[in-house]
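Undergrad: Predicted model follows, preceded by the sequence.
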Amino acid sequence: MKKYLSTACLVLFFFSCQNKSETTNEEKIDSTATTEKKSFEMYELSEMALLMEQMYVDNQRLKERIEKGETVGEFPSHFAKIHEAIMTDPSENDAFFKENAQVFLAAQEKIYNDPANAKEHYSNAIQACISCHEVKCSGPIPRIKKLQLKP
């Protein structure tokens with residue numbers, strides 16, 4: 001009796017482990033397939049986004065120089081492109097943006113024109129970024145706050 005029971009269990013085990021799906025390749029459904037063919041599009045940063053990325057890097061370096069007590073160097077002339085760079089959404093280039101861009105540039109220029117007070121002017125420039133981004137595009141604010149000098 002044990003022999004028959006062992007054999008029956010063994011047979012059941014083999015049959016239960018077999019893949020009983022008998023679908024053909026045409027019948028199989030790809031769960032990642034979509035009904036529409038979509039082409040992959042790489043996101044390209046606008047001129048303004050690229051400029052702001054460069055300004056971020058420049059201000060990171062400037063922050064390090066100020067914290068170390070090194071000379072601040074010369075005003076990066078490409079900052080002036082803030083007035084002409086094409087934005088992702090051209091409607092964002094309104095009076096508010098133009099006014100805040102001018103405030104930012106004035107604060108940045110003061111860093112280089114008055115290096116004795118570079119810390120104060122730098123803090124004002126970073127605050128100008130934050131103030132504008134609070135109204136326009138708030139996404140980068142946490143990143144911009146990393147540029148703030150430590151008290």
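TA: Nice, I can see it.
Undergrad: Show me where the chain has its helices.
TA: Counting by DSSP state H, the chain has helices at residues 2-17, 47-68, 95-113, 118-135, 141-145.
Undergrad: what about the third one, average pLDDT?
TA: For helix 95-113, mean pLDDT rounds to 95.
Undergrad: For it, which residues meet the burial criterion?
TA: Taking 16 or more other CB atoms under 10 Å as the neighbour-count basis, helix 95-113 is seen to contain the buried residues 97, 100-101, 103-105, 107-108, 110-112. Using the backbone N, CA and C atoms, a C-beta is placed for each residue, glycine as well.
Undergrad: next one: the longest one
TA: By neighbour count on 16+ other CB under 10 Å, the buried set for helix 47-68 is 48-49, 51-52, 55-56, 58-59, 62-63, 66.
Undergrad: Could you list the low-pLDDT ranges of the chain?
TA: 1-38 (pLDDT under 70).
Undergrad: and the gap between the nearest residue to Met55 once chain neighbours are set aside and Glu99?
TA: Excluding the flanking residues, the one nearest Met55 by CB to CB, 6 or more residues apart in numbering is Phe79, at 6.2 Å. As judged by CB to CB, to the nearest Å, Phe79 and Glu99 stand 16 Å apart.
Undergrad: before we move on, what about Lys110?
TA: Separation of Lys110 from Glu99 (CB to CB): 17 Å.
Undergrad: unless I'm mixing things up, Pro76 is touching Val57, no?
TA: No. Contact criterion CB atoms under 8 Å: Pro76 and Val57 do not qualify, at 10.0 Å.
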